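Predicted coordinates and the sequence they were generated for:
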Number of protein chains: 2
Amino acid sequence: MALIVQKYGGTSVGSPERIKNVARRIARWKRAGHQLVAVVSAMSGETNRLLALARDIQAHPDPRELDVMVSTGEQVTIALLSMALMDLGLKARSYTGSQVKILTDSGHTRARIVSIDEANLRRDLNEGCVVVVAGFQGVDEAGNITTLGRGGSDTTGVALAAALNADECQIYTDVDGVYTTDPRIVPEARRLNTITFEEMLEMASLGSKVLQIRSVEFAGKYRVKLRVLSSFEEEGTGTLITFEDDKEMEQATISGIAFNHDEAKITILGVPDRPGIAYQILGPIGDADIDVDMIVQNVGHDGLTDFSFTVHRSDYLKVLEILKPVAAHIKAREVQGGDKIAKVSVVGVGMRSHAGIASTAFRTLAEEGINIQMISTSEIKISIVIDEKYMELAVRVLHKAFGLEQPT
Amino acid sequence: MALIVQKYGGTSVGSPERIKNVARRIARWKRAGHQLVAVVSAMSGETNRLLALARDIQAHPDPRELDVMVSTGEQVTIALLSMALMDLGLKARSYTGSQVKILTDSGHTRARIVSIDEANLRRDLNEGCVVVVAGFQGVDEAGNITTLGRGGSDTTGVALAAALNADECQIYTDVDGVYTTDPRIVPEARRLNTITFEEMLEMASLGSKVLQIRSVEFAGKYRVKLRVLSSFEEEGTGTLITFEDDKEMEQATISGIAFNHDEAKITILGVPDRPGIAYQILGPIGDADIDVDMIVQNVGHDGLTDFSFTVHRSDYLKVLEILKPVAAHIKAREVQGGDKIAKVSVVGVGMRSHAGIASTAFRTLAEEGINIQMISTSEIKISIVIDEKYMELAVRVLHKAFGLEQPT
């Protein structure tokens, strides 16, 4: 007997029929002898409907009241799923975030979980009850309803799994696992049976949007076994997200090729090469609440250097604006930039112990005549900025170069 | 400065535009220097939408889960109204039933209020905040969400007014007050400036569906000053529901003519006139959860009597079915009945001290050739059962006979 937390997203509970399907899946697990906690999102479309209603009233809805309203989405789903489970002859009981209670800070619309009181849930589980918990929501010290921000239901699932010391946290979504890359670009892309948390973090933040990044961090921190599965398939083991030190089998060198093309690059040429200059450039960007992704600075010469970084494409013009006076102030030669770029990343914990990954990647791109504009590396990934128009080609040739289409 | 509780029903908050109208009305009262508590229902249609969703899942939805779901309707409205108030520059704060907290028993879908913790509300009011409370809902000792049943928002308003010792509880609805009778039948029907609680109870239960009967009982019990007003008119003082002993002016003899035609009559002829016979007849009816309204038994003769009563028309055939064996058992002669009847009632506390009301009513009907089938009286009303086809005529001539079209 295992204690399993299952999280179902908005699409999986998007209609009464789908809710009944979820109930049948839970019933199979329950009847196999497991203890089950289900965490659910609002029915798909519901959160947007509520947000639109709020904006009809107030251009910038009050965050506290927005949370009161938006949290009703999951509250409806927990009741419906509990009813569906009872209709199958199971005992079931719903809990809102407040009822659990999932204590958060008071950061409305983006609250963070502080603690979870799991006593009532455990009592219900021990009585053979399926516990159904509203994802995405909590309550602060003063009793105000809070929400964890978009996608926060994953975090709720992981946090509950941690609090209950669950054997596994299963995230049901509309894909059947994590792939070596996007199958729409590389048809040979292969589902990974396992991926490490570190790789998942790199994959997720680089555009493989399967899990909310925060929930993955959370799972890593509390060592929750996380599995991504499809809610539309009966069978399938999905992708298990593992701890590197747990790995039994030989780790593949490279796990996947991630990519995105929603960034823009900015380069400041002829920057005086002296301490504090990076801060003078990036400080004003941070002050404007703009996230910087890649940062590259090469060795300088003649007392000058070039400084490059990437930001989200929607911030591009704003950043150029901000940098004009900055560049003048630090006496840089010129500010250049471009928003027709793509970032392609090779990810894998195996590259730590395998040499030649970078050179294989560079050679592969060179053979296709793809010019590399920026390079940045971490322990388990190599990110390369190229012209946007080569993105799909680059992903395909790198996927092949590292043999990702072949089963490990 | 007065403390005023205002309750707005589903139609009054049925759209973002109407919610903004409610906010503007509250703002006027607030800016006139009053403290304001607003109690709101779910947007019209929302509760039915949720109920339909539940029934898609479970033919007879679990009451606990139904309350979890249905209570979201008001939760959305409190958030939207609070936003609308803030948009007008007011301080506002929403409360669910749990947040208040409005403690109820555990009778899901028809819970009764046990107590109200008004400390937080009073703190907010003292800080100049408009407090917006979800009607119709509460929480039981164990933290389960409960609802008070349909129309329970009125009860919430009255209970809050009692707990806060408010100066007045204003119920905003789609009519501008309580009328001497239905203006659709008698165009000369007049809005009453005041009506007593006792009269209101008789009027409400007899078909003038302006207020939920339970809220009126509640208001009477806790001596809350209740006023019915239209939420669609800027001005207007509605109808104040008063305590008989508060009345300053001379009470009009008769306050109104109520009526309904959703009942059926049943008569058992030739019933042995002995103790316990009424119970033998009505016991099985009560056991079947059927409400009996009027009960009439006349003086018997030759050891036999006739026993009549009325039930809701939808229960008519069922009651006939139930009575067959009963009639045989008690050796009654015959069971008769009819479902083409109407009940017309003359209501007024003034009839206590005025003789001749009954005879005026009977003479008026006789002059129109309307046959009286049953009569039943209480201290402040006379109810008369007639053929359904005469209902409108009877209401009109009685309204005129008691001079109800003339201002007092």
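Sure, I can see it. Numbers count the residues shown, from 1 in each chain, chains lettered A, B, ... in the order given.

after the least confident helix or strand in chain A by mean pLDDT, next one along is what?
Lowest by mean pLDDT, DSSP states H and E among the helices and strands of chain A is helix A:197-205, with a mean of 80. Per DSSP states H and E, helix A:197-205 leads on to helix A:213-222 as the next helix or strand towards the C-terminus.

If we go by neighbour counts, what in that next one is buried?
Residues A:213, A:214, A:215, A:216, A:217, A:218, A:219, A:220 are the ones in helix A:213-222 that count as buried (16 or more other C-beta atoms under 10 Å in any protein chain shown). Any C-beta I mention is one placed from the backbone N, CA and C, and that applies to glycine too.

Equivalent analysis for stretch A:367-374, please.
Going by neighbour count (16+ other C-beta under 10 Å), the buried part of stretch A:367-374 is A:370, A:373, A:374.

just to revisit the earlier point, out of the buried residues of helix A:213-222, the closest to residue A:300 would be?
In terms of C-beta to C-beta, no member of these lies closer to residue A:300 than residue A:213, at 34.1 Å.

Hmm, that closest one is touching residue A:201, no?
Yes - contact status for residue A:213 versus residue A:201: in contact at 6.7 Å, counting by C-beta atoms under 8 Å.

one step back: so which of the buried residues of helix A:213-222 comes closest to residue B:29?
The shortest approach to residue B:29 among those belongs to residue A:214, at 44.1 Å (C-beta to C-beta).

Now that closest one: closest residue in space, sequence neighbours ignored.
The shortest distance from residue A:214 to any residue that is not its chain neighbour, by C-beta to C-beta, 6 or more residues apart in numbering or on different chains, is 5.3 Å, and that residue is residue A:155.

Pull the number of nearby residues for that neighbour.
When neighbours are counted by other C-beta atoms under 10 Å in any protein chain shown, residue A:155 registers 27.

what's the answer for the one 5 residues further on, then?
Other residues lying near residue A:160 total 27 when counted by other C-beta under 10 Å.

Check which helix or strand it maps to.
Element membership of residue A:160, judged by DSSP H and E, is helix A:152-163.

Reformat the buried residues of helix A:213-222 as CSV; add pLDDT.
Putting the buried residues of helix A:213-222 into CSV (pLDDT from 0 to 100) gives the following:
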residue, pLDDT
A:213, 76
A:214, 77
A:215, 83
A:216, 83
A:217, 82
A:218, 83
A:219, 87
A:220, 86
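
what bridges to residue A:145?
Listed by DSSP bridges, the beta-bridge partners for residue A:145 are residue A:139.

Could you check the pLDDT of it?
pLDDT, the model's per-residue confidence, is 98 for residue A:145.

contacting residues for it?
Counting by C-beta atoms under 8 Å, 6 or more residues apart in numbering or on different chains, residue A:145 touches A:67, A:68, A:71, A:97, A:98, A:137, A:138, A:139, B:96, B:99.

that older thread, between the buried residues of helix A:213-222, which sits nearest residue A:188?
Using C-beta to C-beta as the measure, the one of these that approaches residue A:188 most closely is residue A:216, at 25.6 Å.

which parts of chain A sit against chain B?
Taking C-beta under 8 Å from any C-beta of the partner chain as the measure of proximity, chain A contacts chain B at A:16, A:19-20, A:50, A:53-54, A:56-58, A:61-62, A:64-66, A:68-69, A:71-72, A:75-76, A:78-80, A:82-84, A:86-87, A:93-94, A:96, A:98-99, A:143, A:145.
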